[in-house]
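Student: okay, here's the prediction I keep looking at, along with the sequence it came from:
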Amino acid sequence: MYEAKKFTLPSLEGISDESVKQHIGLYEGYVKNFNAISKQIAELAMEDWEKNMHPVAELIRRRSFEFDGMRLHEHYFEQFEGGAKELAAGGALGKALQKTYKPKDVVEVMTKIGNMRGPGWAILYYDKKGDELLSGFSGEQHQGHFVTLPILLALDVWEHAFLLDYGATGKGKYIDAFFKNLNWSVIEKRFDEAQK
Ligand SMILES: [Fe+2]
């Protein structure tokens, strides 16, 4: 069983307190649903796995959707804690990003991915085995992941992240606001951990 985390968030520029409040409510829903599904699986499987095979199978599929929603939102909100902080260009992550994306910039690349059609997440991963930074798009939140790779940066581009502040066509403006508020030291710390 998991408990919803509490985030210490500053007031964000371009993302309203009300939007953040509603978004955290959605995050807490993922935690609640993950726990509820886990309980149901245990009960149904214990009662009679064969008899309950179909609901159990469906619940097992749904559970990872809830888990991914929970964990991605934890990555997302933690990135705002401590307030906006720029990427250290001369640091380990700054150098690795420059090597990967030059002449483009990681913000430009992640913005383009985030603006792809459909709900999901633009995600930057690090693969220690290949020493590669990989940027991708997870449809909804459970599809298209690079398995086993730690997540460095998670940009939520579901409509619920921007609808209140910018309307249905405001994803681009929201993504700009996201990067304005991003604490890059959190991303740098994740990169340090991923390299160990
Ligand atoms: Fe979200």
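Tutor: Thanks, I have the structure now.
Student: quick one: the residue nearest to Leu44 when sequence neighbours are not counted from the ion, how far?
Tutor: In space, and not counting its chain neighbours, Leu44 is closest to Asn52: 4.1 Å by Cβ to Cβ, 6 or more residues apart in numbering. Heads up, the C-betas are built off the backbone N, CA and C, glycines and all. Asn52 sits 31 Å away from the ion, going by Cβ to the ion, to the nearest Å.
Student: where does Asn52 land on pLDDT?
Tutor: We have a pLDDT of 92 for Asn52.
Student: who touches the strand or helix carrying Val109?
Tutor: According to DSSP states H and E, Val109 maps onto helix 106-114. The contact list for helix 106-114, computed with Cβ atoms under 8 Å, 6 or more residues apart in numbering, reads 87, 97, 100-101, 122, 124, 135-137, 153, 155, 157, 171-172, 175-176, 178-179.
Student: wait, does it contact the ion?
Tutor: No - legend: contact between helix 106-114 and the ion by Cβ under 5 Å from the ion is lacking; minimum distance shown is 12.6 Å.
Student: quick one: average pLDDT of that helix?
Tutor: Averaging the model's pLDDT scores along helix 106-114 yields 97.
Student: beyond that helix, next helix or strand please.
Tutor: Where DSSP H and E defines the elements, the next helix or strand beyond helix 106-114 is strand 120-127.
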